[in-house]
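Participant: quick one, what's the 3D model for this:
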Amino acid sequence: MAKMNERERFLAVCRGEKPDYVPIFGLPGAPGMSRGCMKKTHDRLVATGMPACVGGCWANWKCEDLESWYRYWGTASVITLTFAPAGGQIGFKETRRIEGGYEIIESESGALTRQVINNDITYSMPEFIRYPVRDRASWEFYKERMSVRTFMSKDEFETRCRALDDRTRPLLVHGGGSYSSVRNLMGPEGASFAFYDDPELVHEIIAWRLDQIRKTAFPLIERLRPDVVYFGEDLCYKSGMMLSPKHFEEFCAGYYREVCGLARSVGVPLRVVDTDGNAMEFTGIIERCGVNAICPYEVKAGNDLFELRRRHPEFVFFGWLEKEVANEGNEKLIRPEIMGKVPGLLETGRYFPNGDHGIQPLVTFPNLCRFMTLLHEVCGNPEGTFPRMDPP
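Facilitator: Residues are numbered from 1 along each chain as shown. A predicted model of the protein is given here:
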């Protein structure tokens, strides 16, 4: 078979066709081993043997030399855009201080967050003490500050888009999210009450978010015909959905049907939702709305991709390999984790094997080499210059 480029290979897997080899491919929200790692994790890899010249180090939401990570580890990902056709939101000023051994962040929106110091280079979940939207007055203030105000000229938009017409790597456009729009503004508890106590406000927030996506993403989808439209939801937890199927249909399904309807009309092959937790029930619900993929399918949440493949033969799966097997002392877990899952799923097609989130700070370079050696071998992937080490 002739060698494919990254985009051709990606499209072949999405369509259930046979590529020259299966890529170790990750998306931005749940990259697995594909898109670098946070700075403290990168420091750990270098301290345990990885050459310091290998980039892919994320700090303050920016990454240094991600391309060298791709080359060294033989992984692949998407092109993400650096422009949008609309913007100009006023936003909110923030103040930061150190108090009691933590960083305290206060926003002009009224939000208050506490997190570990230097959280931008290691990342643990912050404590969200107060959220931006607490009532209708705070919602109106948020909406006024965060609504699109300016639009790119047609000539500039076309010039920027034209540079991506002959891409050889898959292109991603963000499609926002429905439930997450409410949860991010009100918090999980506040959102849960609002669906019952103030459904009119919930509908309004989701409708506003969809209107913003029409302005920022729809022109990109129509003009660029991207390979991926990506939604961020985190709608599931360890036991299932945080919103009932009935409420999802009432509040969220219309959002997906409109965005996915546009995406499908221009031939976008992958419409993917990023959600944590147990997505066994959610997979079927979101598939009926036009989505055809979920990432990262966490292992510890009880997902079973063999069962989901039987139920959803044309759905595209990502992840489902326990990331902790690459941590120190876990090398004996690498082989059973990969061999118990990947060969069987590759037989069914439409599967991108990878870790089920990102690399953890307890990783070691030798164990990551062992993990990647076996995964490359099973995928028939010849890429990467890292030293091959067989797991026990």
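Participant: CA atoms for contacts and neighbours, from now on please.
Facilitator: OK.
Participant: which residues touch the helix or strand containing E377?
Facilitator: Assigned by DSSP states H and E, E377 belongs to helix 365-379. With C-alpha atoms under 8 Å, 6 or more residues apart in numbering as the test, helix 365-379 has contacts from 21-24, 44-46, 48-50, 73, 325-328, 330-331, 334-335, 338, 342-343, 382-383, 386-391.
Participant: could you list which of these belong to helices?
Facilitator: 44-46, 73, 334-335, 338, 342-343 (DSSP state H).
Participant: for whichever strand or helix holds C295, output the C-alpha coordinates as CSV.
Facilitator: Applying DSSP H and E as the criterion places C295 in strand 293-296. Output of strand 293-296 as CSV, limited to C-alpha atoms (Å, rounded to 0.1, in the frame of the first residue of the first chain):
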residue,chain,number,x,y,z
ALA,A,293,-17.3,9.9,18.0
ILE,A,294,-16.5,10.3,21.7
CYS,A,295,-13.1,10.8,23.4
PRO,A,296,-11.4,9.7,25.5
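Participant: I'd like the distance from that strand to the chain centre, please.
Facilitator: Distance of strand 293-296 from the chain centroid (C-alpha atoms, centre = their mean, to the nearest Å) equals 8 Å.
Participant: now that strand: average pLDDT?
Facilitator: The average of the pLDDT scores along strand 293-296 is 97.
Participant: for stretch 81-99, same thing?
Facilitator: 97.
Participant: what about the strands in the stretch 101-250 of the chain?
Facilitator: In the stretch 101-250 of the chain, the segments counted as strands under DSSP state E, counting those that start in this stretch are 102-107, 112-116, 127-130, 150-151, 171-176, 228-232, 236-237, 240-241.
Participant: which one of those strands lies closest to L185?
Facilitator: Of all those, it is strand 127-130 that lies closest to L185, at 9.7 Å by C-alpha to C-alpha.
Participant: which residues are in contact with that closest one?
Facilitator: Here strand 127-130 makes contact (C-alpha under 8 Å, 6+ apart) with 110-115, 187.
Participant: can you turn the buried part of these into a PyMOL selection?
Facilitator: In PyMOL, a selection of the buried entries from those looks like this (16 or more other C-alpha atoms under 10 Å):
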select buried, resi 111+112+113+114+115+187
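Participant: so which of the contacts of strand 127-130 comes closest to R35?
Facilitator: Closest approach to R35 among the contacts of strand 127-130 (C-alpha to C-alpha): Q115, at 24.3 Å.
Participant: and the closest one, bridged to which residues?
Facilitator: Under the criterion DSSP bridges, Q115 forms beta bridges with E103.
Participant: so it makes contact with P126?
Facilitator: Yes: Q115 lies in contact with P126 (C-alpha atoms under 8 Å); the separation is 4.5 Å.
Participant: what sits up against stretch 249-263?
Facilitator: With C-alpha under 8 Å, 6+ apart, stretch 249-263 has contacts from 175, 178-179, 202-203, 206-207, 210, 218, 221-222, 225, 229, 271, 286, 289-291.
Participant: pull the CA atoms of it into CSV?
Facilitator: These are the backbone C-alpha positions of stretch 249-263, laid out as CSV (Å, rounded to 0.1, in the frame of the first residue of the first chain):
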residue,chain,number,x,y,z
GLU,A,249,-33.3,15.9,24.5
GLU,A,250,-35.2,19.0,25.8
PHE,A,251,-32.3,21.3,26.3
CYS,A,252,-29.3,20.1,24.4
ALA,A,253,-30.2,17.9,21.4
GLY,A,254,-31.3,20.8,19.2
TYR,A,255,-27.9,22.4,19.6
TYR,A,256,-26.2,19.3,18.3
ARG,A,257,-28.7,18.7,15.5
GLU,A,258,-28.0,22.2,14.1
VAL,A,259,-24.2,22.1,14.3
CYS,A,260,-23.9,18.5,13.2
GLY,A,261,-26.4,19.1,10.5
LEU,A,262,-24.3,21.8,9.0
ALA,A,263,-21.1,19.7,9.4
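Participant: buried residues in it?
Facilitator: Result for stretch 249-263 [16+ other C-alpha under 10 Å]: buried residues 251-257, 259-261, 263.
Participant: fine by me, we can end here.
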